[in-house]
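Visitor: no sequence on this one, just coordinates:
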């Protein structure tokens, strides 16, 4: 793991010592260059697939990051540390696919069904086969669930804001 990751990674003991930047910094450092490239390619693919405006993408990213970090902090008390963007990616994917469902796009429904199935699998069976080998370390599947929930929250707030301001 790069040296910068030591200073940015999610680490509950340090967060409780008021190093709150770790709540967001952890999502932008990775176990290795391979881990980083996998996450970067996924981010580009999700962004291309759902093409949200830059501000919307940033919003969804921040809400998903907060959901992952707070979920880990509140519910995964034995977790020593975490790095990576996979939780955020799940949030972006869920937000985009739900938005497509609202637009009556069948591909959105299929994507949402696939992601939901993956999340259920991971909660029952653990990481998808091969995912830990690809990432080069332990996969924290709860981060995927928290990120997906963050994506739903971000989309709900977007929808309320759009209705309140009269935007579509």
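Guide: Noted; the coordinates are in hand. The model shown is predicted, which means the values in this text are computed figures rather than measured ones.

Visitor: assumed residue 139 was part of a helix.
Guide: No - counting by DSSP: H, G, I helix; E, B strand; the rest coil, residue 139 falls outside a helix, being coil.

Visitor: contact partners for it?
Guide: Residue 139 sits next to 86, 127-128, 131-132 when contact means Cβ atoms under 8 Å, 6 or more residues apart in numbering. The C-beta positions use only the backbone N, C-alpha and C, and glycine is treated the same way.

Visitor: now it, nearest residue through space, not along the chain?
Guide: Distances taken as Cβ to Cβ, 6 or more residues apart in numbering place residue 127 nearest to residue 139, at 3.9 Å, with adjacent residues excluded.

Visitor: would you confirm that that neighbour contacts residue 141?
Guide: Yes - taking contact to mean Cβ atoms under 8 Å, the distance of 5.7 Å between residue 127 and residue 141 places them in contact.

Visitor: those two: which is more packed in?
Guide: Of the pair residue 127 and residue 141, residue 141 is the one with more neighbours under other Cβ atoms under 10 Å, namely 22 against 17.

Visitor: right, and the more buried one touches residue 132 too?
Guide: No - if you go by Cβ under 8 Å, residue 141 and residue 132 don't touch, sitting 10.3 Å apart.

Visitor: which residues of this structure fall in helices?
Guide: 3-8, 12-16, 22-25, 33-50, 54-75, 86-102, 106-125, 131-135, 141-165 (DSSP state H).

Visitor: just name the most buried of those helices.
Guide: helix 86-102 (a mean of 25; mean count of other Cβ atoms under 10 Å).

Visitor: that one vs helix 106-125, what angle?
Guide: Using axes from the mean of the first three to the mean of the last three Cα atoms, to 10 degrees, the inter-axis angle of helix 86-102 relative to helix 106-125 is 140 degrees.
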